[in-house]
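Please find the sequence and the predicted model below.
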Amino acid sequence: MPEISPFVFTEPLYCEKPSAWNEHTPFAFFLIEQLRPRLLVELGTQFGNSYFTFCQAIDALKLPAKAYGVDIWLSYSAIPFHGRQIYEHASRINNRHFSHFSNLLKMTFEEALPYFREGSIDLLHIDGMHDYASVKHDFESWLPKMSDQGVIIFHDSAVRDYGFGVWKLMEELMPKYPSFSFPFGNGLTVVCTGSKVPEAFLSFVKQAGDDAFTQQLFKTIGTQWALQHTLAHLQDELRTQQNLNAKLSETINERNAALADREHRLRLAEGSAASHLKQDVVHRFSLIKKWQRRQQKKKNLAVIENSALFDGAWYLKTYPDVQKTKLPAAKHYLQFGGMEGRNPSPAFDSAFYLEQNADVKASGMNPLLHFERFGRSEKRKYRALVPQADPQ
């Protein structure tokens, strides 16, 4: 069994978004140090928390390796960003730090297959669609690309709800290949498919699943980094919110001062002049209220547009009658579609959310708007539609 070196305590530099994967960053450093892959491929890169941890390890160890992150970078459930924003975020990190050996392939997993010859990949990370049929298809499609030293890792192998089926595939694979699992961080399973995986690593794999020290060591270090990055992320959000609150308070104070000034002038005025001035104040106050309502509507629309659970193209394609209204997809869903039971994307079932939350339905508030503003933090239940396979 290989010695676990201090390299596992390396601080991950690019896990910028809270993610269950962050708990596995110490093991990612250990994996690269032990396997020293010549070719690394990740299926499902998103923000790059896992991918850039691998790249950081490759760079730190100065390995002569090539790395490829494959993703279509659409909007993902539980991530409040559009796919374009996610891709731009990942590209900035890759271009600044790892472009001398790393490439991001913006395509489906099927489209990426021809770019890799059979028997070439030493380390493959599968973290795309998580339903059983999809993850099994990914495994079977990419298995011929694995080298004789090949190791495949599967994230989310401990999740048994939300339609996830990685665990089911693991029950089929683990009896066939040397393998083990970490149960924390949504689960991470290592499967050694190659016939010439280094003996030291095979020894580790055979013991790690039942070795309490190994399990607790990686869990403890991983939890520390995950909590540290989550805290940093929350502090950034708090600072952003504080800045917004300060600007809002300044605006309110300015408008209150203006209203106070007009009220003072109103009290000094007499007769018809006072009456006209009062009407002017009332009118301007009404305009302010209208402005505030318009701003709130814009904010609500922005919440829908920026939600990872909203896909405008999918919405228009699924509900062709919306195009006749000439309303943008997000505006139609916000004003009408949500309460009509229409879904903003395959990742969010509007009718189910309203059924589960009678208070939301009674309030008349758009279901996705309520979920993003309140439901997510309140841990209210929601579900996706029937899981679909990756686009072909």
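Arrived safely, thanks for sending. Numbering: from 1, shown residues only.

Every contact and neighbour count from this point should use C-alpha atoms.
OK.

part of a strand, is Ser99?
No: assignment of Ser99 by DSSP: H, G, I helix; E, B strand; the rest coil gives coil, placing it outside any strand.

burial of it, as a residue count?
Here the count is done by other Cα atoms under 10 Å, and Ser99 has 15 residues near it.

could you check the distance from it over to Phe116?
In this view, Ser99 and Phe116 are 18 Å apart by Cα to Cα, to the nearest Å.

Any idea how many residues pack against the nearest residue to Phe182 once chain neighbours are set aside?
The spatial neighbour of Phe182 that comes closest, neighbours along the chain excluded (Cα to Cα, 6 or more residues apart in numbering), is Leu188 at 5.1 Å. Neighbourhood size, Leu188 [other Cα under 10 Å]: 22.

Need phi/psi at Leu188.
Main-chain dihedrals, Leu188, degrees, to the nearest 10: phi -140, psi 120.

which residues does it contact?
Residues counted as contacts of Leu188 (Cα atoms under 8 Å, 6 or more residues apart in numbering) are His24, Ile153, Phe154, His155, Asp156, Ser157, Ala158, Ser181, Phe182.

List only buried entries from those.
His24, Ile153, Phe154, His155, Asp156, Ser157, Ala158, Ser181, Phe182 (16 or more other Cα atoms under 10 Å).

how much space between the nearest residue to the fourth one once chain neighbours are set aside and Phe180?
Right, His155. Leaving aside its sequence neighbours, His155 sits nearest to Leu188 (Cα to Cα, 6+ apart; 4.6 Å). Counting by Cα to Cα, the separation of Leu188 from Phe180 is 9 Å.

sec struct for the closest residue to Ser5 other than its chain neighbours, please.
In space, and not counting its chain neighbours, Ser5 is closest to Phe30: 7.9 Å by Cα to Cα, 6+ apart. Classification of Phe30 using three-state DSSP returns helix.

what residues are up against Phe30?
Phe30 is in contact with Ile4, Ser5, Phe7, Val8, counting by Cα under 8 Å, 6+ apart.

Show the contacting residues for the closest residue to the last one other than its chain neighbours.
Translated: Val8. Nearest non-adjacent residue to Val8, counting by Cα to Cα, 6+ apart: Pro26, 4.7 Å away. The contact partners of Pro26, taken as Cα under 8 Å, 6+ apart, are Val8, Phe9, Thr10, Phe218, Ile221, Gly222.

Against Pro12, how distant is Pro26?
Separation of Pro26 from Pro12 (Cα to Cα): 8 Å.

now the stretch 1-150 of the chain, which segments are flagged as low pLDDT?
Across the stretch 1-150 of the chain, the ranges flagged by pLDDT under 70 are 1-2, 16, 75-83.

I misspoke; the intended subject was the stretch 201-350 of the chain.
Applying pLDDT under 70 to the stretch 201-350 of the chain flags the ranges 229-238, 240, 269-278, 280-281.

the helices in it, which residues?
Ranges of helices within the stretch 201-350 of the chain are 212-268, 271-306, 312-318, 321-325, 329-332, 350-356, based on DSSP state H, counting those that start in this stretch.

which helices and strands does the longest strand anywhere in the chain pack with?
As assigned by DSSP state E, the longest strand anywhere in the chain is strand 146-155. Judged by 3 or more Cα pairs under 8 Å, 6 or more residues apart in numbering; DSSP states H and E, strand 146-155 is in contact with strand 121-126, strand 188-192.

could you give the angle of the shortest one to strand 146-155?
When you say that, I think you mean strand 188-192. 170 degrees (axes from the mean of the first three to the mean of the last three Cα atoms, to 10 degrees).

Strand 188-192: partners in the sheet, and parallel or antiparallel?
strand 146-155 (antiparallel), strand 179-182 (antiparallel) (DSSP bridges).

got a list of what Arg160 touches?
By Cα under 8 Å, 6+ apart, Arg160 lies in contact with Trp167.

going forward can the numbers begin at 17, since that is how I track them
That works, and once the first residue is 17, the last one we named lands at Arg176.

And it, how far from Asn202?
Distance from Arg176 to Asn202, by Cα to Cα: 10 Å.

and if you look at Phe368?
From Phe368 to Asn202 the distance is 25 Å (Cα to Cα).

Kindly report the domain assignment for the chain.
Domains of the chain are assigned by automatic domain parsing as 36-226, 313-408.

can you give me how far the first one is from the chain middle?
Relative to the centre of its chain, domain 36-226 is centred 16 Å away, using Cα atoms, centre = their mean, to the nearest Å.

Could you tell me the end-to-end distance of it?
In domain 36-226, first residue to last residue: 22 Å (Cα to Cα).

Can you spell out which helices and strands pack onto the host helix or strand of Val57?
Assigned by DSSP states H and E, Val57 belongs to strand 55-59. Judged by 3+ Cα pairs under 8 Å, 6+ apart, the packing partners of strand 55-59 are strand 82-87, strand 137-142.

Show residues contacting the last one.
Spelled out, that is strand 137-142. Against strand 137-142 from outside (Cα under 8 Å, 6+ apart): 53-60, 151, 154-155, 161-171.

Can you flag the buried ones in those residues?
Listed as buried from those are 53-60, 151, 154, 161-171; burial here means 16+ other Cα under 10 Å.
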